[in-house]
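> Build me a structure from this.
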Amino acid sequence: MRRSTPVRTPVRRSIAEETNINVRARAIIMAKPPARSSASKKSTKSTTKNASAAAAATAGANDASRVDVDQVRKAIEALATHIEKVASEKPQSALFEDEAETFSALISLRRTPKEATSARLVPVPIPHPLLDLASAELCLIVKDHKGEGHKEAKKRVAEMAKCGVAKVLGISKLKANYKAHEQKRKLCDSYDMFLADDRVLPLLPKLLGKNFFKKKKQPVAVDLTKKDWVGQIQRAVGATYLHVSGGTCVNVKVGKSTMEVDEIVENTMAAIEGAVNKIPRRWGNIQSIYIKTPDSVALPVYVAPPE
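So this is what the prediction gives:
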């Protein structure tokens, strides 16, 4: 036979007992913790500040050692060997036509930055410039405005020694003389680097076309309202640039095949550190970092631990 389960009769409390329980519970909830003394507060703040400073120092030390310089050197030496091998297999006549190969750091992000921009390049200082200002040919794009058009800019550039600017191009001339795709392509291939007055930069993606962006030769912004044009041009040429676009991959040029391995290694370490500091969430948003040339495989130098 199945045993019947006894039914428990709930214990009923009197109204007075219920009232006392509710009053005691409310008193416990409403009770405030004992006030801390000012000395205790200062001690807590000091401890918190010291802990934050220690954490920041530890984070800085960890950031500096996240990318192994020996691994970077091995990757660059392997790519340099690859470039030499490819060059040795080409006909002798083709060697004089080839430009120097570019080394780049590819930074893969965990998430697409919300602060992505499209036209403005972000400068990253490096110890060994990719362009020699003495031999480089630069094109400076300026606004057409009374008193500060391309004629005035030409006069000012002519007065500057060794600034590297071979051509000053006004916006009106750019619109009139470089409409066709072939004209834009020739302009892109004619100069080593393009600089542009900060005030006309938003107009240039449409006027220059996609070819400039594919070849990563979009103009670098300079502030021509300031007097120190030479200093601005020197800083622009002496930096590398990253473009935080709408994707999860950032490309930063770090060297050329005409440079020494040590120079490329130093540039790579400086470029990675500078680029990471410009990326939202910094190392928290870095998935991996690779080094490559245009025609090579990407060699890993850093892979983030799983989240």
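> Please list all residues in contact with the nearest residue to residue 286 once chain neighbours are set aside.
Nearest residue to residue 286 in three dimensions, chain neighbours excluded: residue 304, at 5.7 Å (CB to CB, 6 or more residues apart in numbering). All C-beta spots, glycine's among them, are computed from the backbone N, C-alpha and C. When contacts are counted by CB atoms under 8 Å, 6 or more residues apart in numbering, residue 304 is found next to 110, 283, 286-288.
> With residue 72 as the reference, measure out to residue 304.
Separation of residue 304 from residue 72 (CB to CB, to the nearest Å): 16 Å.
> Helix or strand: which one has residue 290?
Using DSSP states H and E, residue 290 falls within strand 286-292.
> And the contacts of that strand?
Residues outside strand 286-292 that contact it (CB under 8 Å, 6+ apart) are 67, 72, 75-76, 79, 103-110, 248, 254, 268, 272, 276, 279, 298-304.
> Only the buried residues of that strand, if you could.
Buried residues in strand 286-292, counted by 16 or more other CB atoms under 10 Å: 286, 289-292.
> do the same with stretch 294-307
So, applying 16+ other CB under 10 Å, buried residues of stretch 294-307: 296, 298-299, 301-302.
> pLDDT averaged over stretch 125-133 - what is it?
The pLDDT scores in stretch 125-133 average 87.
> low-scoring pLDDT stretches of the stretch 1-150 of the chain, where are they?
1-65, 91-99, 113-120, 145-150 (pLDDT under 70).
> and what of the stretch 151-300 of the chain?
For the stretch 151-300 of the chain (pLDDT under 70), the answer is 151-162, 244-246.
> Strands of that one, start to end?
For the stretch 151-300 of the chain, the strands defined by DSSP state E, counting those that start in this stretch occupy 165-170, 193-197, 220-222, 239-242, 249-256, 286-292, 299-303.
> want to try TSV for those strands, with distance to residue 205 as columns?
Output for the strands of the stretch 151-300 of the chain, formatted as TSV (distance: least, CB to CB, whole Å):
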stretch	distance to residue 205
strand 165-170	16
strand 193-197	11
strand 220-222	13
strand 239-242	15
strand 249-256	18
strand 286-292	26
strand 299-303	32
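> Of the ones you listed, which is nearest residue 214?
With CB to CB as the measure, strand 249-256 is the member of the strands of the stretch 151-300 of the chain nearest residue 214 (11.9 Å).
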